[in-house]
Every structure is written in structure tokens, then in C-alpha cells.
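A.B. asks: heads up, no residue letters with this:
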């Protein structure tokens, strides 16, 4: 079965310290069909927008900025509404997955009838 995953990342001022070092890994993962980044009204939106607009796989990225700081939980809830794929992987901007995580996840789903 062909699974499609929306990687949803919520963030607040973590572009320089974390996201800039991890986004390429996710953009090159064959199971991730879109990367949604929801900025909770921090100072990072312009940096995120420039990075994603200039990325070789810019079509994967969807960047949103909350008009005011709505807090971590509400940002997660709102960010998930932007996803268009069958499955959502929700992460904070200071988390990361090993390169094999999504492949192992798909293998698990295939073996267990998910």
C-alpha cells in the first residue's frame, strides 16, 4: 500500500537552533508528501519562508504564521487542520526522527494491516 504522510511541525523561534539542520532530511524522505510548519507568531516566519521558498523541493513546504501567539497546544490543533494527506506525523520543532523512522512506520502498518 502507498501511504502518504503530512509532516506537521509546530515551532516558536527554533529555526536557527534546530529546523535549519533537520528540514532537508524530511524533504528527502519518500514517504513525506508535505511538510507543514506552523509558526506561533515568533520571529522565525521570514527565515522559514525564505528557506522554504528557495529549497529545491519547495513544493513540499507549506508555511503558516499564527496572527498571535496561541500557545503550543492550540498551534498543534490548528496546524493539523492544514494537512491534506491520509496520515499526519505531528512534531515540535525541537524533535527529530531518525532517517529510518518513516520507513519502519510504513513497514509496521503494512505488517499489521493499518
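C.D. replies: Looks like it came in fine. What you see is a predicted model, and the numbers here were worked out from it, not measured in a lab.
A.B. asks: mind showing which ranges of the chain have poor pLDDT?
C.D. replies: 1 (pLDDT under 70).
A.B. asks: chain center to stretch 53-73, what's the gap?
C.D. replies: In terms of C-alpha atoms, centre = their mean, to the nearest Å, the centre of stretch 53-73 is found 8 Å from the chain centre.
A.B. asks: cool, stretch 71-80 as well?
C.D. replies: Distance, centroid of stretch 71-80 to centroid of chain: 13 Å (C-alpha atoms, centre = their mean).
A.B. asks: And the helices in the protein, which stretches?
C.D. replies: Along the chain, counting by DSSP state H, helices occupy 20-27, 45-53, 72-81, 101-111.
A.B. asks: Using TSV, lay out those helices together with mean neighbour count.
C.D. replies: Using the backbone N, CA and C atoms, a C-beta is placed for each residue, glycine as well. Below are these laid out as TSV (neighbours: other C-beta atoms under 10 Å):
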stretch	mean neighbour count
helix 20-27	16
helix 45-53	16
helix 72-81	15
helix 101-111	13
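A.B. asks: Among those helices, which comes closest to residue 66?
C.D. replies: The closest of the helices of the chain to residue 66 is helix 72-81. By C-beta to C-beta, the value is 6.2 Å.
A.B. asks: which helices and strands does the closest one pack with?
C.D. replies: strand 5-11, strand 32-39, strand 87-92 (3 or more C-beta pairs under 8 Å, 6 or more residues apart in numbering; DSSP states H and E).
A.B. asks: can you put those strands in TSV and add distance to residue 25 and mean neighbour count?
C.D. replies: Converted to TSV, those look like this (distance: least, C-beta to C-beta, whole Å; neighbours: other C-beta atoms under 10 Å):
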stretch	distance to residue 25	mean neighbour count
strand 5-11	10	24
strand 32-39	10	22
strand 87-92	12	17
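A.B. asks: Distance to residue 69 added to those, as a markdown table?
C.D. replies: A markdown table is the format used below for those (distance: least, C-beta to C-beta, whole Å):
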| stretch | distance to residue 69 |
| --- | --- |
| strand 5-11 | 12 |
| strand 32-39 | 10 |
| strand 87-92 | 15 |
